[in-house]
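Asker: Can you look at this prediction? I've put the sequence above it.
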Amino acid sequence: MTLKTGKLNADIIPGQKAAAPRERKKVRDLEVVVANVIPETPDTVTMILFTGNEFLDYRPGHFLTIDPHQFPSLDRFTRYLEDIKGRKESPRAYSLASAPDEKHLSITIKAEEYVSGTTLYPPLLSPLLVRRVLPGSRMVVSGFTGPYTLPEDIASRTRHLVHICAGSGVVPNYSMIKYALRNHPELRHTLVLSNRTWDDVIYKKEWDYLQQSHPDRLRVVHALTREEDATRFGAGVRQGRVSAELLRELLREPGDAEFFICGPGITPHDRKRARDLGQEPAMRFMETVLALLGDMGVDNARIHRETYG
């Protein structure tokens, strides 16, 4: 999410090489104080969370969850959605923008929209978090979990990590890239980041800083789908969607890389609507990228993915 933003359908690819077994950590509740709220885009913020704990055990890419029932201002909306769904509203998952070697937790949240005819239910929690939560606010979060993480043995698998993300799907990869740049100097990274417009790009200043600090180890390429002249934003900005031509340009030896893909995918609602119309659901970002990598001959065992919708 993540935050991304309301998540999550994380997939572990069959045959993917597993990291060494680790003791399963119990998810626990933490009371946090919002130390700062940083605007990222017109509809996205990063929250800096103070926990009072000096050490928090999580992996780059993990997410935490926030239960909407703790917010009295949402009570009537929560109860209404539970009535029409016939089930209790579940906690929402948001990817950690922070890395484990940083002092504070942070999450980046995009305010979801309701689109008539497309969105099944109005978003419940993300608009409140983005537009109403101020520094000094307290809340309870639960963490940390999720299979979409930077493997502990990543340096033994590859020397090149390729991150292909869309919108707020870049949040867990931001954590992975920061952590790996500091702790795995032998690794280099290519990030392909898809957004509609330049104003939608999350962490613009941070990407510039990280590229300048690690010019031989990080390359960021933006693919903008709704800009008339994307190239005016710089040499690393391209017009259009992530394409086979772009990936072939950036990846001379794709078979040696490890891929981390995060973005919107086909949802159960998409499948039901298509089934009702007697159609196949239209491919979204995740399905499109997986098809492109398959055509390039990339082994599924080298693909890590997380979808949301």
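Answerer: Structure's in. What do you need? Numbers count the residues shown, from 1 in each chain.
Asker: List the contacts of residue 99.
Answerer: By C-beta atoms under 8 Å, 6 or more residues apart in numbering, residue 99 lies in contact with 60, 175, 176, 178, 179, 182. C-beta coordinates here come from the backbone N, C-alpha and C atoms, glycine included.
Asker: Name the residues of the longest helix anywhere in the chain that are buried.
Answerer: Counting by DSSP state H, the longest helix found in the chain is helix 170-183. Within helix 170-183, the residues scored as buried using 16 or more other C-beta atoms under 10 Å are 170, 171, 172, 173, 174, 175, 176, 177, 178, 179, 180, 181.
Asker: okay, how far is it across stretch 60-77, tip to tip?
Answerer: 33 Å (C-alpha to C-alpha, to the nearest Å).
Asker: Skip ahead from the least confident helix or strand in the chain by mean pLDDT and say which helix or strand is next.
Answerer: Within the chain, confidence by mean pLDDT, DSSP states H and E is lowest for strand 9-11 among all helices and strands, at a mean of 37. The helix or strand immediately downstream of strand 9-11 is strand 28-41, counting by DSSP states H and E.
Asker: hang on, the earlier thing: got the angle for the longest helix of the chain vs strand 28-41?
Answerer: Put simply, helix 170-183 runs at 100 degrees to strand 28-41, going by axes from the mean of the first three to the mean of the last three C-alpha atoms, to 10 degrees.
Asker: mean confidence for helix 170-183?
Answerer: The predicted model assigns helix 170-183 a mean pLDDT of 98.
Asker: now the next helix or strand after it, how far from the chain's geometric center?
Answerer: Sequence-wise, the next helix or strand downstream of helix 170-183 (DSSP H and E) is strand 188-195. Centre-to-centre, strand 188-195 and its host chain are 12 Å apart (C-alpha atoms, centre = their mean, to the nearest Å).
Asker: Now the following helix or strand past strand 188-195: buried residues?
Answerer: Later in the chain than strand 188-195, the nearest helix or strand by DSSP H and E is helix 204-213. Using 16+ other C-beta under 10 Å as the burial criterion, the residues of helix 204-213 that qualify are 206, 207, 210, 211.
Asker: which residue sits closest to residue 201 in space, ignoring its chain neighbours?
Answerer: What sits nearest to residue 201 in space, not counting adjacent residues and going by C-beta to C-beta, 6 or more residues apart in numbering, is residue 195, at 5.2 Å.
Asker: Give me the neighbour count for that neighbour.
Answerer: By other C-beta atoms under 10 Å, the residues close to residue 195 number 22.
Asker: Packing partners of the longest helix of the chain?
Answerer: Contact here means 3 or more C-beta pairs under 8 Å, 6 or more residues apart in numbering; DSSP states H and E; on that basis helix 170-183 packs against strand 92-95, strand 105-110, strand 160-166, strand 188-195, helix 204-213, strand 258-264.
Asker: what about 7 Å?
Answerer: In terms of contacts (3 or more C-beta pairs under 7 Å, 6 or more residues apart in numbering; DSSP states H and E), helix 170-183 is packed against strand 160-166, strand 188-195, strand 258-264.
Asker: Same list (those strands) but as JSON lines, adding mean pLDDT and distance to residue 300.
Answerer: JSON lines is the format used below for these (pLDDT from 0 to 100; distance: least, C-beta to C-beta, whole Å):
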{"stretch": "strand 160-166", "mean pLDDT": "98", "distance to residue 300": "14"}
{"stretch": "strand 188-195", "mean pLDDT": "98", "distance to residue 300": "19"}
{"stretch": "strand 258-264", "mean pLDDT": "97", "distance to residue 300": "10"}
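Asker: Out of the buried residues of helix 170-183, which comes closest to residue 98?
Answerer: For the buried residues of helix 170-183, the residue nearest residue 98 by C-beta to C-beta is residue 175; the value is 6.4 Å.
Asker: The residue lying closest to the closest one once chain neighbours are set aside and residue 52, how far apart?
Answerer: Leaving aside its chain neighbours, residue 175 sits nearest to residue 60 (4.4 Å; criterion: C-beta to C-beta, 6+ apart). Distance, residue 60 to residue 52, by C-beta to C-beta, to the nearest Å: 22 Å.
Asker: Just want to know which of those two has more residues nearby.
Answerer: Using other C-beta under 10 Å as the criterion, residue 60 and residue 52 rank with residue 60 on top: 24 against 8.
Asker: Include distance to residue 87 when you put the helices and strands packed on helix 170-183 into JSON lines, please.
Answerer: What follows is those, written out as JSON lines (distance: least, C-beta to C-beta, whole Å):
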{"stretch": "strand 160-166", "distance to residue 87": "29"}
{"stretch": "strand 188-195", "distance to residue 87": "33"}
{"stretch": "strand 258-264", "distance to residue 87": "23"}
